[in-house]
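>>> I would like to see how this sequence folds:
(2 chains)
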Amino acid sequence: DAKTTQPPSMDCAEGRAANLPCNHSTISGNEYVYWYRQIHSQGPQYIIHGLKNNETNEMASLIITEDRKSSTLILPHATLRDTAVYYCIVPSGYSTLTFGKGTMLLVSP
Amino acid sequence: EAGVTQFPSHSVIEKGQTVTLRCDPISGHDNLYWYRRVMGKEIKFLLHFVKESKQDESGMPNNRFLAERTGGTYSTLKVQPAELEDSGVYFCASSQREAGGNEQFFGPGTRLTVL
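Next up is the predicted model:
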């Protein structure tokens, strides 16, 4: 899996957009970027993934730079329930997921 | 549609005893994974089944761990004999294979405490 780098923690006010960055400078041309999150004491939860185009679903948006060396996960209107550890993962094909330390996002009232 | 389920949710055993964890994947998912998080560490991969076959078991820590998936449906993970360092949360996940896809659905985990 390509190595990813994320800030250890971020804060966000409730109702504001949360923008979580991830660097993956060693990503290869056919590798996807995946985002998962783990809310305290629960199993990890898939959020979104992308290859080169920006993606949006009901949970979040994923912005991938043109050179694909970094990406940003955007939670447009963060709520208290979005407080979690967010993981940016670049798996190699249909392989296992390698979870790093992720970013602890704290959403405050 | 039911998600991934795991049983038990918690297990407390003494060192040297045996424990069996069970995972029921989402119906129709050929891929089944086991992961675990030990205290203060990151979530680590243990092994991957494709149907009933072990695709990758490179993450299994030692031969005290035995995983099975008879019939390609549910899976069990047996720890025998359990050691103190086996304490942690064991997660199971399942997925379907599709082009470009590696979306895994995780269960709630089994919290194992070895005393």
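>>> looking at this, A:S71 is in a strand?
Yes. Looking at A:S71 with DSSP: H, G, I helix; E, B strand; the rest coil, it is inside a strand.
>>> just checking, it touches A:V33?
Yes. Between A:S71 and A:V33 a contact is recorded at 5.0 Å, counting by CB atoms under 8 Å. No exception for glycine: its C-beta is placed from N, CA and C like everyone else's.
>>> anything in contact with each of the two?
A:22, A:24, A:50, A:62, A:64, A:88 (CB atoms under 8 Å, 6 or more residues apart in numbering or on different chains).
>>> can you pull out the strands in chain A?
In chain A, strands defined by DSSP state E lie at A:9-13, A:18-23, A:33-38, A:45-50, A:55-56, A:61-64, A:70-75, A:84-89, A:103-108, listed in chain order.
>>> The first one near chain B at all?
When you say that, I think you mean strand A:9-13. No. Legend: contact between strand A:9-13 and chain B by CB under 8 Å from any CB of the partner chain is lacking; minimum distance shown is 15.4 Å.
>>> which residues are in contact with that strand?
Here strand A:9-13 makes contact (CB under 8 Å, 6+ apart) with A:18, A:20, A:75, A:78, A:82, A:103-109.
>>> What of the shortest one?
Identification of contacts with strand A:55-56 by CB under 8 Å, 6+ apart yields A:48-49, A:61-62.
>>> ok so, going back, can you put the strands of chain A in TSV and add distance to B:M39?
Formatted as TSV, these follow (distance: least, CB to CB, whole Å):
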stretch	distance to B:M39
strand A:9-13	20
strand A:18-23	25
strand A:33-38	15
strand A:45-50	21
strand A:55-56	35
strand A:61-64	31
strand A:70-75	27
strand A:84-89	15
strand A:103-108	17
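>>> how about low-confidence regions in the chain?
All of this refers to chain A. Low-confidence segments of chain A, defined by pLDDT under 70, are located at A:1-2, A:93-95.
>>> Chain B, not that one
Checking chain B against pLDDT under 70 turns up B:1, B:98-101.
>>> farthest pair in the contacts of strand A:55-56?
In the contacts of strand A:55-56, the most distant members under the criterion CB to CB are A:H49 and A:S61, with 12.1 Å between them.
>>> which bits of chain B sit near chain A?
Chain B has residues B:4, B:31, B:33, B:35, B:42-45, B:48, B:56, B:59, B:91, B:93, B:97, B:100-109 near chain A, with proximity defined as CB under 8 Å from any CB.
>>> Can you tell me which of those residues are classed as buried?
Burial of those was assessed by neighbour count (16 or more other CB atoms under 10 Å in any protein chain shown); the buried members are B:4, B:31, B:33, B:35, B:43-45, B:48, B:59, B:91, B:93, B:102-109.
>>> quick one: the closest residue to A:R81 other than its chain neighbours from B:T110, how far?
In space, A:R81 comes closest to A:I39 once its chain neighbours are excluded; the distance is 7.5 Å by CB to CB, 6 or more residues apart in numbering or on different chains. Between A:I39 and B:T110 the computed distance is 17 Å (CB to CB, to the nearest Å).
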